[in-house]
Each structure stands twice: as structure tokens, then as C-alpha cells.
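Trainee: Got a sequence here, can you build the structure:
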Amino acid sequence: MPILNRVSDMYDEIAFWRRHLHQHPEIGFEVHQTAEFVARRLEEFGVNEIHRGVGQTGVVAVIRGRHGDGPAIALRADMDALPIVEAGGQPHASTIEGAMHACGHDGHTAMLLGAAKYLAETRNFKGNVVLVFQPAEEIGSGARAMIEDGLFDRFGISHVYGMHNMPGIPVGDIALKRGAIMAASAKFTIRIHGRGGHAARPHTTIDPIVVGAQIVGALQTIVSRTVDPIAPAVVTVTRFAGGTADNIIPEAIELWGTARALSMADARHIEERVTAIATKTAEAAGARVEVDYNQSIPVTENDTDEAAFCTRIAREVVGDARVDAETVPVMAGEDFSHMLDRRPGTLVFLGNGASAGLHHPAYDFSDEAIPAGVSYWIRLVEGKLSP
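Mentor: The predicted structure follows:
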């Protein structure tokens, strides 16, 4: 089954939804207008159930197939935007100061709405499709909030599937792999408390800036010297803050950073090493340290059987030549991983072409990817829930 004619007919409408969402971005759990827009469209489509406020501001809808009872599978799209000032200059640019859809969640939401409209019209499957519109992916909290609100048990979900656009892959192509496809993601804060004083009398102080510099240097040895060289891992310090004047050694400074790994064993090892290095380095200098380490997102791990199934579906939709079933994983994190921790399923990448990168102020979702993305969702449902 190639791109569906009905989806092509709906293209202008889906692109209109996408651009409307792009113009009205909302951040984190504060996606009230977006969620209401989604719920109103679902009401228009005539889905069987609509549940607002799941996981604070998420929306869940159920479409029942016309071929009787069967399992329930979930399709998930994220709704939230980023705190970035848009620089692209498109006619549909953000109208909200300091917020923009710089990761394509506007496209994800619009494509799932397009699939919902088609599936509500045709219902050519057995069982239930559960449409999950999730808030707060960018802050790593939305998936967990929906799960804790009973997502899987309330709706009897047996499998869960996700999709994320990816710049650098040709528009509308699909890429995936079995196993780890996106990294575990952690964030850390290291607060170093020394003893301040005059910059001309450093011997009377415990300089937290020097301690911080030593910690930053030592953190670079985690990946280079304690992680297997063929195991992808990243430790990056992104903020070094402290001090008020050129002649004052401050009392305290703060470091921020992130760590990524494609195995949870490596992720746990990195956490142990960050904590030990910061603690022991500060101790050796006579300083005091506080380490706040938050391993918020696990590895996004595709089930082997489900990856094979989704590969077959993708090839049916876009053709063998446009599917990469052994794509290179990326070190970004995705909180859809929490859902895959609890149910088998697959996350796939949908090509966004030669656009600016994700989280870049000039990024824009490519509407040309819509037909492939929507057709993939539809064919996945009809294949998985075949009567």
C-alpha cells in the first residue's frame, strides 16, 4: 500500500492544522489551547471516546474498529514546544514571544490528527486504537505523568508506537532500528562551596572556580577512559556560573551538565563517576560540594519483533529504497522511552529533509512529510489489528 489517496486529499487540511499549531506554541504542561484544539478536532471526527486532562494536560482518544473486539494499541504524538525565539521568518511563524515549535511536535500532532480522521471514517480494523497526545516531552515529564495517570491500564493498551521527524533524512523517508535508537538522558548540577575573599590573597580562600575547573577537566575522563570505546556516551558541561567582580574570589559556583548513553549500564556508571569525581575533587581542595543528578530519561529501546513489523509497514508505505532499517542511533533523549519500558513497540524517524536541526531557531517541520507519516500510522493500525 503506497501513500493513500485519501491522505493526499486531506493534505491541505492537515498542513493547515500544523501551521496553526506552529503559530500558537505552548511549553511543558501548559498546553491548554493545543490540547483543546486537538480535542475539538477529535470531536468533529466522531471518535468513540475523548479523555482530557490525562497526565495533567494530555488528551487520549479511542476509536473502535468495525470488525469486533480485539487488542488496543496506542499511537503517540507530543504536543509541546520549546522556549526559543523563532528566526525562520515563515508566514506561519510563532506568534508567542519566546516560544516556538523547534522540534516538530506541531507536525507530530497534526499527522496523528490526520490519521485519526481517516481511521474514524473507515474503522477497517479489529479492536481499539488509542490516540495519545502527550504534553511536556521537552522537559522529560509528560510520558511518565500520563503513565502514572493510568494510561496503559485504563485503556488496556498492549503495544505503543511513536514517530519523530529527523532533519538530515530525505523528506518522507523512514528510519528505524531494533534495540536502542535514542539515548538515556540525564542532567546534573554541581554546586561547589568554597571560602571567598580578595583575589589578591588566594591563599586565604578556598577558590571554588579552581575546583570547578578541575572537576570539568576530570569529567572528560569518564568517556575517554572509563567507558568502552565502542559504546556511545557523552558527558557535557553546559554552564559554569559564579563570581561577581574581577577582584573577588566567590564563595560558591555552580556547574550544569548533561550525560547520554545507549545502555542503562553505562548511564549508571556515568552517574557514579560524575558524583565521585565532583565529591573527591572538592574534598581534596577543602571545598564542599552538592551533586544533584537526575537520570530522567531511559534508553529508547525498540522491541525486536515490533521493529521488524514496523519495517515491513514502512516499506509498504514508502517503498524499500526509502526505508533504513539499521539507522544510526542518536544521542538525544526521548521520554517516549518510558512508554516503551512498559509496553512493546517502536519509535521511527520520519525524514524532514535538509531543514535546520532540531532545537534550532530556524527549524521548521516539512509539510511534505505529512502524507508518508499519516499513511504510515494508518497502515500500521490496519496491519497490527487486521481483522
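
Trainee: host element of Val7?
Mentor: helix 5-9 (DSSP states H and E).

Trainee: And Glu13, by the same measure?
Mentor: With DSSP H and E as the criterion, the answer for Glu13 is helix 11-23.

Trainee: Tell me which other helices or strands that helix touches.
Mentor: helix 32-45, helix 105-122, helix 370-384 (3 or more Cβ pairs under 8 Å, 6 or more residues apart in numbering; DSSP states H and E). (C-beta placed from N, C-alpha, C; glycine too.)

Trainee: Following element in sequence after the longest one, please.
Mentor: Tracing the chain past helix 105-122, the next element assigned as helix or strand by DSSP H and E is strand 128-134.

Trainee: What pairs with that following strand, parallel or antiparallel?
Mentor: strand 58-64 (antiparallel), strand 72-78 (parallel) (DSSP bridges).

Trainee: Could I get those strands in TSV, plus columns for mean pLDDT, distance to Phe29 and mean neighbour count?
Mentor: Compiled in TSV, the strands paired with strand 128-134 are given as follows (pLDDT from 0 to 100; distance: least, Cβ to Cβ, whole Å; neighbours: other Cβ atoms under 10 Å):
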stretch	mean pLDDT	distance to Phe29	mean neighbour count
strand 58-64	98	9	24
strand 72-78	98	12	25
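
Trainee: Let me have those strands in a markdown table, extended by distance to Phe349.
Mentor: What follows is the strands paired with strand 128-134, written out as a markdown table (distance: least, Cβ to Cβ, whole Å):
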| stretch | distance to Phe349 |
| --- | --- |
| strand 58-64 | 23 |
| strand 72-78 | 14 |
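
Trainee: residues of stretch 21-40 that come out buried?
Mentor: By 16 or more other Cβ atoms under 10 Å, the buried positions in stretch 21-40 come out as 21-31, 34-35, 37-39.

Trainee: who touches it?
Mentor: 17, 20, 50, 52, 56-59, 79-83, 90, 92-96, 99-101, 106, 109-110, 113, 133, 135-136, 138-139, 141-142, 145, 364-365 (Cβ atoms under 8 Å, 6 or more residues apart in numbering).

Trainee: What is the helix or strand in which Val274 is found packed up against?
Mentor: Element membership for Val274 (DSSP H and E) is helix 264-285. Secondary-structure packing of helix 264-285 (3+ Cβ pairs under 8 Å, 6+ apart): strand 184-193, helix 208-221, strand 233-242, strand 252-261, strand 288-297.

Trainee: one step back: who wins for proximity to Ile206 among the strands paired with strand 128-134?
Mentor: strand 72-78 (44.9 Å; Cβ to Cβ).

Trainee: Now find how far off-centre that closest one is within its chain.
Mentor: 14 Å (Cα atoms, centre = their mean, to the nearest Å).

Trainee: Hey, what's the angle from it to helix 32-45? Just curious.
Mentor: 140 degrees (axes from the mean of the first three to the mean of the last three Cα atoms, to 10 degrees).

Trainee: Could you list the alpha-carbon positions for strand 72-78 in PDB?
Mentor: C-alpha atoms of strand 72-78 as PDB (Å, rounded to 0.1, in the frame of the first residue of the first chain):
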ATOM      1  CA  ALA A  72      -5.800  -2.000  21.900                       C
ATOM      2  CA  ILE A  73      -2.700  -0.300  20.500                       C
ATOM      3  CA  ALA A  74      -1.600   3.200  21.100                       C
ATOM      4  CA  LEU A  75      -0.200   5.800  18.700                       C
ATOM      5  CA  ARG A  76       1.600   8.700  20.500                       C
ATOM      6  CA  ALA A  77       2.300  12.300  19.400                       C
ATOM      7  CA  ASP A  78       3.900  15.000  21.600                       C
END
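
Trainee: Much appreciated, bye for now.
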